[in-house]
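A.B. asks: Sequence plus the predicted model coming up.
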Amino acid sequence: MRTMHCVRSLLMATFASSLLPVAASAMRPDSATHYLQESGTGAPLGKLIVRPEVMAGLCVTMVSPLYPQTTGEVPKVSTVVVRVVIWKSGNVSPMRVISGQTSLEAEAMNAVRLWHYKPFSRDGEPVDVTTDVRVNFDPGKPGGIVTHPNH
């Protein structure tokens, strides 16, 4: 069953990438590159898993998350951990939340979607990687602020 799900996911991804315009074909992974899914669901993994501390050093653009409006609940400092694929281009996508407060998940992913990284290199070549990103929520700080931590 799990194998069928992986095969189905691969076929869907192949079909979806075939719909991209020719100009975008350079952004598609080559036919020898496949991404497997963890536990049959969630964000596909890059070929290489990199420690969060290493990738944090390569982050060039970061956007702070918006703390969602709550009714009756006292906002508190919190962290959501998101597992992401960072492409050779430095773009972040796809992703999935692996821990954190449920009410903050959507805002965490909205913020991380806008982050950008220097490519991670292995043997002198940029590679797609998977890593975990910690998104810190602080109700005392404004959301939507763009910073360049390692630029």
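C.D. replies: Thanks, I have the structure now.
A.B. asks: Any stretches of this structure with poor pLDDT?
C.D. replies: Under the criterion pLDDT under 70, the flagged ranges of the chain are 1-46, 71, 151.
A.B. asks: Break it into its domains for me.
C.D. replies: Per the record, the chain has its domains at 1-34, 41-147, by automatic domain parsing.
A.B. asks: The closest residue to Val84 other than its chain neighbours: neighbour count?
C.D. replies: Among residues not flanking Val84 along the chain, Met95 sits closest, at 4.2 Å (CB to CB, 6 or more residues apart in numbering). (C-beta placed from N, C-alpha, C; glycine too.) Residues within reach of Met95, counting by other CB atoms under 10 Å, total 20.
A.B. asks: and the gap between Met95 and Pro142?
C.D. replies: Taking CB to CB, to the nearest Å as the measure, Met95 falls 23 Å from Pro142.
A.B. asks: thinking again about what came up before, and the residue nearest to Val84, its phi and psi?
C.D. replies: Reported as degrees, to the nearest 10, the phi and psi values for Met95 are phi -150, psi 160.
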